[in-house]
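Trainee: Sharing a model that was predicted from the sequence below.
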Amino acid sequence: MGKPSVAFICVHNSCRSQIAEALGRSLAADAFDSCSAGTQPTQQINPDAVRLIKERYGIDMEATQRSKPLTELPQVDVVVTMGCNVQCPSLPCKRREDWGLDDPTGRGDAAFLRVISTIEERILRLKKEFEQNKMTAGTIL
């Protein structure tokens, strides 16, 4: 079996889920595949998220990612919701968790950087868990 796949989901797929996809691809690509989508996707990724991720990690999200609907997701093993306070449709998966993150949109760089740091910590924790348990697409706990 191959690597597990993780989908990061929020309403607009413009900020938190995009950050998680970018950091998952950058920091945990050896442990799992990352993608993201939204229940009501916007036309673009949040410019503050793009700017701060580029400054902090050198990742240009606009070059490799776009806001997309749930219907464009591949089959995934794990669904991580960002804490959107909306009813997410049921997506087939083996594991589901909610990270309960506040949306930093419109709240300044400090709020964005707190959310980015939390997402980084959780991506690295997920990576460590997958590696320690030698998880593959067929062995998700």
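Mentor: Yes, it's here. Numbers count the residues shown, from 1 in each chain.

Trainee: Can you give me the separation between the most centrally placed residue in the chain and residue 132?
Mentor: Computing the C-alpha centroid of the chain and ranking residues by Cα atoms, centre = their mean puts residue 20 first, at 3.0 Å. Between residue 20 and residue 132 the distance, using Cβ to Cβ, to the nearest Å, works out to 20 Å. C-beta coordinates here come from the backbone N, C-alpha and C atoms, glycine included.

Trainee: distance of residue 33 from residue 103?
Mentor: Note on residue 33: its distance to residue 103, by Cβ to Cβ, is 25 Å.

Trainee: now swap in residue 39 and tell me
Mentor: Residue 39 sits 14 Å away from residue 103, going by Cβ to Cβ.

Trainee: Could I have the CA atoms of the lowest-mean-pLDDT helix or strand in the chain written out in CSV?
Mentor: Every helix and strand in the chain was compared by mean pLDDT, DSSP states H and E; the lowest is strand 95-98, with a mean of 88. C-alpha atoms of strand 95-98 as CSV (Å, rounded to 0.1, in the frame of the first residue of the first chain):
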residue,chain,number,x,y,z
ARG,A,95,-10.3,8.7,10.0
ARG,A,96,-11.7,12.2,10.7
GLU,A,97,-10.5,14.9,13.1
ASP,A,98,-11.3,18.6,13.7
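
Trainee: for the very next helix or strand once past it, which positions count as buried?
Mentor: As assigned by DSSP states H and E, the chain's next helix or strand after strand 95-98 is helix 109-132. Using 16 or more other Cβ atoms under 10 Å as the test for burial, helix 109-132 gives 112, 115, 116, 118, 119, 120, 122, 123, 126, 127, 130.

Trainee: again with stretch 57-67
Mentor: Of the residues in stretch 57-67, 57, 59, 61, 65, 67 count as buried by neighbour count, 16+ other Cβ under 10 Å.

Trainee: avg pLDDT for it?
Mentor: Across stretch 57-67, pLDDT averages out at 93.
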